[in-house]
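> Dropping a prediction and its sequence here:
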Amino acid sequence: MLGVLAGIGASAIWGTLVLYWHLLQQVSPLEILAHRIVWSFVFIAPVVLCARRMPEVGAVLRDKGTLLRVFLSAVLIACNWGTYIYAVTSGQVPEASLGYYINPLVNVLLGCIVLRERPSRLQWFAIALAALGVMYSLVIGGHMPWLALTLAVSFALYGLIRKTVRVESAPGLLLETCLLMPFALAWMVWMHSQGALFFNPVQEMQASLLLIGGGVITAVPLLLFTYAARHISLITLGLLHYISPTITLLLGILVLGALVDQTTLVTFCCIWAALAVYTWCGVRRFRKSP
């Protein structure tokens, strides 16, 4: 039961992040990203230290191959974070939600291409439905959902790389943010030299506190998700995944006033139908497993 609650908590926090980043609309997405990296490191470092997980970090640092994979995963998660922040602050919340609906289907496709897995016919049908929705948006609406695809692909590639790295989520996040720190700090120093850095605890206390809090809201749901992954089945974890984009979509429409045109609605319907087929495949496989 605690595992399910942890999974719901993680998904709920991820879903409501849309409101958090919306409060920082006046800050540039790249500055928000830089602060998210820096303060995530500041928050997660004591957690890893107190949990006595530093030997795992040291083992990765001594292995050049593993360290390279962690660096690649860091670049991908930074791309994912930055794209999501841009989508929210630029008023494109529905497309951000669409990206995380597409993500499980991209995982299946990557498993087929990279890991030589063999999707079932129903899974191929689900992928085809999702592709149909994207093509409809391109052909009829004249718009390729680049933000959604970037979010889906970057997170799927991130998950694929993390599967090859033997390090848990908290030490992994510490390593990723540590590797990204020089770039984040360099960007903040450059912005400060140009007089463009928004962070100012004296004049902009509320926004500055929100930027600092970005580290907490990044690490906490990750720790909850890690706990859930260890205590509940993969099929349950997969179903809980849909809570996050659903909350994001609803908040975007009902609270932030985002509009969903007919083309986007048709695309969503194709993706939802694809996810229904994909979920049914997972449930059926789970029932057949010993």
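Structure received. Numbering: from 1, shown residues only.
> List the contacts of the helix or strand bottoming out on mean pLDDT in the chain.
In the chain, no helix or strand scores lower on mean pLDDT, DSSP states H and E than helix 234-241, which sits at a mean of 73. Contact with helix 234-241 is made by 4, 7-8, 10-11, 100, 103-104, 228-229, 279, 282-283, 286, as judged by Cβ atoms under 8 Å, 6 or more residues apart in numbering. Every C-beta, even on glycine, is put in place using the N, C-alpha and C of the backbone.
> Just send those residues back as TSV, with distance to P46, secondary structure and neighbour count too.
Compiled in TSV, the contacts of helix 234-241 are given as follows (distance: Cβ to Cβ, whole Å; DSSP: H, G, I helix; E, B strand; the rest coil; neighbours: other Cβ atoms under 10 Å):
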residue	distance to P46	secondary structure	neighbour count
V4	28	helix	14
G7	25	helix	23
I8	26	helix	14
A10	20	helix	25
S11	25	helix	24
Y100	30	helix	23
N103	31	helix	21
P104	33	helix	20
A228	22	helix	22
A229	23	helix	16
T279	38	helix	17
G282	37	helix	18
V283	40	helix	13
F286	38	helix	13
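> returning to that earlier point: following element in sequence after the least confident helix or strand of the chain, please.
Going down the chain from helix 234-241, the next helix or strand is helix 243-254, by DSSP states H and E.
> Tell me the buried residues in that following helix?
243-245, 247-249, 251-252 (16 or more other Cβ atoms under 10 Å).
> Now do the same for L24: helix, strand or coil?
Classification of L24 by DSSP: H, G, I helix; E, B strand; the rest coil places it in coil.
> whoops, L256 was the one
L256 - assigned by three-state DSSP - is coil.
> contacting residues for L138?
Neighbour list for L138: M144 [criterion: Cβ under 8 Å, 6+ apart].
> Between the contacts of helix 234-241, which sits nearest P201?
A10 (29.4 Å; Cβ to Cβ).
> So the closest one versus F268, what's the distance?
To F268, A10 is 23 Å away according to Cβ to Cβ, to the nearest Å.
> next one: P55
Taking Cβ to Cβ, one finds P55 at 46 Å from F268.
> same check, this time on I253
Counting by Cβ to Cβ, the gap from I253 to F268 is 11 Å.
> Need the overlap of contacts for these two.
94, 260.
> before we move on, the earlier item: would you reformat the contacts of helix 234-241 as TSV and include pLDDT and distance to V216?
Formatted as TSV, the contacts of helix 234-241 follow (pLDDT from 0 to 100; distance: Cβ to Cβ, whole Å):
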residue	pLDDT	distance to V216
V4	85	23
G7	87	19
I8	91	19
A10	90	14
S11	91	17
Y100	91	21
N103	87	24
P104	85	27
A228	84	19
A229	74	20
T279	82	32
G282	73	32
V283	72	35
F286	66	34
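> can I get those in a markdown table with distance to R121?
Shown next, in a markdown table, are these (distance: Cβ to Cβ, whole Å):
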| residue | distance to R121 |
| --- | --- |
| V4 | 31 |
| G7 | 29 |
| I8 | 32 |
| A10 | 32 |
| S11 | 29 |
| Y100 | 25 |
| N103 | 22 |
| P104 | 17 |
| A228 | 31 |
| A229 | 29 |
| T279 | 16 |
| G282 | 15 |
| V283 | 16 |
| F286 | 18 |
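> what's the closest of those to M205?
The closest of the contacts of helix 234-241 to M205 turns out to be A10 (Cβ to Cβ; 29.0 Å).
> Is the closest one in contact with A219, as I believe?
No - assessed by Cβ atoms under 8 Å, A10 is found out of contact with A219, at 11.1 Å.
> give the contact list for L222.
With contact set as Cβ under 8 Å, 6+ apart, L222 has these partners: 10, 169-170, 173.
> helix or strand for it, which one?
Here L222 is assigned to helix 205-231, by DSSP H and E.
> OK, contacts around G172?
70, 73, 162, 165 are the contacts of G172 under Cβ under 8 Å, 6+ apart.
> CSV for these, including neighbour count and pLDDT?
Listed next are the contacts of G172 as CSV, based on neighbours: other Cβ atoms under 10 Å; pLDDT from 0 to 100:
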residue, neighbour count, pLDDT
V70, 25, 94
S73, 23, 93
R162, 19, 85
V165, 19, 84
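> Quick check: helices, which of these are part of them?
Among the contacts of G172, the residues falling in helices (DSSP state H) are 70, 73, 162.
> burial measure for the residue lying closest to I247 once chain neighbours are set aside, as a count.
Leaving aside its sequence neighbours, I247 sits nearest to G15 (Cβ to Cβ, 6 or more residues apart in numbering; 2.8 Å). If you count neighbours by other Cβ atoms under 10 Å, G15 ends up with 22.
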